[in-house]
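> One predicted model, sequence on top.
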Amino acid sequence: MKINPQLFEAFLKCPTKCHLRSVGEAGSGNAYADWVRAQNDAYQNEATTRLLTGVPEPDRVSAPPAAENLKTAMWRLAVDVEAQTEHMESRLHAVERVPSEGRGKPAQFVPIRFIPFNKLTKNDRLLVAFDALILSEVFGREVSASSRAGANRPLLRRTISACC
């Protein structure tokens, strides 16, 4: 089984909940949890649309194919990006490609996670770090992480190094 953001978030909230989800146990239908999930999805869609309007059409891509080599990508912003390693997988809200600062230096990739609250929690920061870790593993190099939260959209930046 691959670790994904939903499983990781469940672990952050309750290790037992994570274990039950990992063995395939279905939830019992919590109306409040469903409402929160719907609110988060609506915010993510709105934030994605807002972010895409600020980037010219040729510089953006939506849901790039998994087969596309991310290292040679020429877009500046990609949304709904699938990234996976041997043990982890995620569908990243967005990835910003920052061109290299000089010849021979690789471009930087910054995963972006949309969070509908103005104040970021520890779990929000850890979910952003999880996305950065996956990209770091895919590229085998350091990756910066950022998160945009709420209406004020404060930006959280972290640098994550590849493991091993």
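Alright, I've got the coordinates. Numbering: from 1, shown residues only.
> Identify each buried residue in the longest strand along the chain, please.
When the chain is parsed with DSSP state E, its longest strand is strand 89-98. Of the residues in strand 89-98, those buried under the neighbour-count criterion (16 or more other CB atoms under 10 Å) are 90, 92-97. The way it works is simple: take the backbone N, C-alpha and C, and place the C-beta from them, glycine included.
> so the residue nearest the centre of the chain bridges to which residues?
Against the mean C-alpha coordinate of the chain, by CA atoms, centre = their mean, the closest residue is Leu92 at 3.4 Å. Beta-bridge pairing for Leu92 (DSSP bridges): Val81.
> For this protein, identify the residue most remote from the centre.
In the chain, Arg103 marks the outermost C-alpha relative to the chain mean, sitting 28.2 Å out by CA atoms, centre = their mean.
> Could you grab the helix/strand/coil label for that residue?
At Arg103 the chain is in coil, as set by DSSP: H, G, I helix; E, B strand; the rest coil.
> before we move on, what about Phe114?
Assigned state for Phe114: strand (three-state reduction, three-state DSSP).
> which strands and helices sit next to the longest strand of the chain?
Under the contact criterion of 3 or more CB pairs under 8 Å, 6 or more residues apart in numbering; DSSP states H and E, strand 89-98 touches helix 31-53, strand 77-84, strand 108-115, helix 122-139.
> Burial check on Leu135, number of neighbours?
Other residues near Leu135 come to 25 when the count uses other CB atoms under 10 Å.
> on that earlier part again, confirm for me that the residue nearest to the centre of the chain is in contact with Phe109.
No. Leu92 is not in contact with Phe109 according to CB atoms under 8 Å; the separation is 9.6 Å.
> Which neighbours do those two have in common?
Taking CB atoms under 8 Å, 6 or more residues apart in numbering as the contact rule, Leu92 and Phe109 both touch Leu135.
> remind me which residues of the protein are low pLDDT?
Per-residue confidence for the chain (pLDDT under 70) gives these ranges: 66-71, 144-164.
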